[in-house]
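Enquirer: need coordinates for the below:
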Amino acid sequence: MRLYSWNVNGWRAALRHGLRDWVATTPMDVLCVQETKVQAQQLDADEGRLPGFESLWAEAQRPGYSGVATFFRAPCKALRSGIGRADFDAEGRVVVTDCGDFDLYNVYFPNGKKDAQRLAFKLEFYAFFLEQVLAVVRRGRPVIFCGDVNTAHTPQDLARPEANRKVSGFLPEERAWLDRWQDAGFVDSFRHLHPEARTYSWWSLRSGARERDVGWRLDYFWVHESLLGRLKGAGIATEVRGADHCPVWLDLD
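Expert: This is a model prediction of the structure:
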């Protein structure tokens, strides 16, 4: 099973930039997209579809903001949209699919750069999210979660760590939550398989950052340790264009 995750920075923009052609020529069983920036009533009949896939969407109440969607084939099936807290679910940040013997969470984690209030919101989201997925795991159900985490975990995960130590996305209090995920039994699949790699998944649209590879690794697949024996591959599709992020992928037996 191959799973992809991609912050597309606008679903309609991604369609214009060839997302359907990429999906048609790229083997995959699941595609999780974040930052769709669209509501269902804004889409024409075919705009929200990918041939051969079913889908489940979560949309923000605010037009043109946030939103996630998961496109999937069997054995995956729709489970639910949302995470169970009204202020988080109003921003359309979580979709959950049942993929046979594990639950897959497609998540667009908040960005904390705007101000202190949004940073606090982001950290609250991290805490609530961990509580929710751990409750699922304790019931005997393994979890994989993916998406734009909006934090680079270690200095290895961004090109200029020293220059960004006081910038949201690399603050100690943000990075500490990723440590807590690890302590709770979740494994960063890419770093697990590529411990020395300096590969990024997001680049600013300014100053030719992508061409100079001045980037951040903000997009992840976190796999519960009980599934590690099935982990066969993980990577970052840096060759795929069309947004400021590129897709990341996971292979499971």
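
Enquirer: test my guess that A58 contacts D89.
Expert: Yes: taking CB atoms under 8 Å as the definition, A58 is a contact partner of D89 at 7.5 Å. Every residue, glycine included, has its C-beta placed from N, CA and C.

Enquirer: element containing L79?
Expert: Per DSSP states H and E: L79 is located in strand 77-81.

Enquirer: and A58 and D89? Which one has more around it.
Expert: Under the criterion of other CB atoms under 10 Å, the comparison of A58 against D89 puts A58 first, with 24 against 16.

Enquirer: identify the contacts common to A58 and D89.
Expert: By CB atoms under 8 Å, 6 or more residues apart in numbering, A58 and D89 have these common neighbours: S81, G82.

Enquirer: without its sequence neighbours, what residue ends up closest to the spatially most central residue of the chain?
Expert: Nearest to the geometric centre of the chain sits G147, at 0.5 Å (CA atoms, centre = their mean). If you skip the residues right next to it in sequence, G147 has V107 as its closest partner in space, 4.0 Å away by CB to CB, 6 or more residues apart in numbering.

Enquirer: ok, W222 next?
Expert: F186 (4.4 Å).

Enquirer: check W177 too.
Expert: Per CB to CB, 6+ apart, closest to W177 is Y126, 4.1 Å.

Enquirer: what of V8?
Expert: Closest to V8 by CB to CB, 6+ apart is A14, at 3.8 Å.

Enquirer: the residue nearest to W177 looks like it's in a strand, true?
Expert: No: remark: Y126 does not belong to a strand; assigned using DSSP: H, G, I helix; E, B strand; the rest coil, it is helix.

Enquirer: would you mind measuring from it to G112?
Expert: Look at Y126 and G112: by CB to CB, to the nearest Å, they are 10 Å apart.

Enquirer: find residues that contact each of those two.
Expert: Taking CB under 8 Å, 6+ apart as the contact rule, Y126 and G112 both touch E174.

Enquirer: show me where this protein has its strands.
Expert: With strands called from DSSP state E, the chain shows them at 2-7, 30-34, 54-58, 68-72, 77-81, 94-98, 103-108, 143-148, 186-188, 202-203, 215-216, 219-224, 231-236, 248-252.

Enquirer: and stretch 67-74, C-alpha only, in PDB?
Expert: Taking C-alpha atoms only, stretch 67-74 is exported to PDB below (Å, rounded to 0.1, in the frame of the first residue of the first chain):
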ATOM      1  CA  GLY A  67      -9.600  22.200   4.700                       C
ATOM      2  CA  VAL A  68      -8.400  18.600   4.200                       C
ATOM      3  CA  ALA A  69      -9.500  15.700   2.000                       C
ATOM      4  CA  THR A  70      -8.500  12.100   1.700                       C
ATOM      5  CA  PHE A  71      -8.900  10.100  -1.500                       C
ATOM      6  CA  PHE A  72      -8.700   6.300  -1.100                       C
ATOM      7  CA  ARG A  73      -9.300   2.900  -2.600                       C
ATOM      8  CA  ALA A  74     -10.200  -0.300  -0.800                       C
END
